[in-house]
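Participant: Structure here, sequence nowhere to be found:
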């Protein structure tokens, strides 16, 4: 994911989240840098994840936007479970 961001000349991504307790949603992701106008949906990356309680690594291809959102959801779940 970070290689794809660097290749697109994106320096930072700001993700906004609106939620409380069990409820919430990602409102958007804004890219900044020379490639800040890049369509994050048009770039695809493969990510590898391990689900909680499972030792099997699963791989999936997502848009860069989807991968960023998946990462944010995972971090939120790990940090604020529930």
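Facilitator: Received the coordinates, thanks. Just so it is clear, the model here is predicted, and its values are computed rather than measured. Residues are numbered from 1 along each chain as shown.

Participant: Find the residue at the geometric middle of this protein.
Facilitator: Geometric centre of the chain, nearest residue: residue 68, 1.1 Å, by C-alpha atoms, centre = their mean.

Participant: ok, so what distance separates that one from residue 56?
Facilitator: 23 Å (C-beta to C-beta, to the nearest Å). From N, CA and C alone the C-beta is placed, and that goes for glycine too.

Participant: next one: phi and psi at the residue nearest to the centre of the chain?
Facilitator: The phi/psi pair for residue 68 (degrees, to the nearest 10) reads phi -60, psi -50.

Participant: where does the protein have low pLDDT?
Facilitator: Along the chain, segments meeting pLDDT under 70 span 21-22, 81-82.

Participant: Now do the helices in it.
Facilitator: For the chain, the helices defined by DSSP state H occupy 2-7, 64-79.

Participant: can you pull up the bridge partners for residue 31?
Facilitator: Beta-bridge partners for residue 31, by DSSP bridges, are residue 13.
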